[in-house]
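Asker: compute the structure for the input listed below.
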Amino acid sequence: MTRTPLEAMLRWRWLSLALLLWAIDQAVKYQVTQTMQLHEVLPIVTGFNWVYVLNPGAAFSFLADAGGWQRYFFSTIAVVVSGVLVVVLWRGVVSRIDALAYTLLLAGALGNAADRMRIGAVVDYIDLYWRTWHWPAFNIADICVSIAALLLIANTFRSRAAPLEPGKPHAA
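Answerer: Residues are numbered from 1 along each chain as shown. Take a look at the predicted model:
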């Protein structure tokens, strides 16, 4: 399959966006770790605190107390998924929504994997709450993964309503 310069540029655009989001995530995490004490809470407005916590597990602290093996398990999964996503984005996907979702998923996977490989846990800093109920703390990488999941789900329903022409992927 021959690629035009425009198709290659579009593919680089998605990969560049993933790297930019990863860099922003890492920069904010670096600032948090350098300017705050672990478990410190800075109230911003009612319902929102800036915090510094470490999550050695996955989403919602899943397997956080598993003894340390989860660091390597989740890092391996993130690296493998990231590699697959780079290949998928480079080959081209069917829609811009899919390309954006894969880009966000790639940025989020790389952001949290970098933390796990560097310090053994993910740095979280956004704390949303209502009265005494707190949502588990999260970060920009988690936001990227969550938006990616929502986009993929929404696009699945959209695709069912309007079938695409088979065998016609494009650079998005």
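
Asker: give me the neighbour count for the closest residue to Ile44 other than its chain neighbours.
Answerer: Distances taken as CB to CB, 6 or more residues apart in numbering place Trp50 nearest to Ile44, at 5.6 Å, with adjacent residues excluded. Bear in mind the C-beta positions are built from the backbone N, C-alpha and C, glycine included. Residues contacting Trp50 under the criterion other CB atoms under 10 Å number 16.

Asker: please renumber the chain so that the first residue is 15 from this point on.
Answerer: Understood, numbering begins at 15; the last thing we discussed is Trp64.

Asker: which ones are touching Trp64?
Answerer: Trp64 makes contact with 46, 50, 55-56, 58, 139-141, according to CB atoms under 8 Å, 6 or more residues apart in numbering.

Asker: which stretches of the chain form helices?
Answerer: In the chain, the helices defined using DSSP state H lie at 19-49, 83-105, 110-133, 154-175.

Asker: of the ones you listed, which is nearest Pro70?
Answerer: Taking CB to CB, helix 83-105 is the member of the helices of the chain nearest to Pro70, at 6.6 Å.

Asker: what helices or strands is the closest one leaning on?
Answerer: Counting contacts by 3 or more CB pairs under 8 Å, 6 or more residues apart in numbering; DSSP states H and E, helix 83-105 is packed against helix 19-49, helix 110-133.
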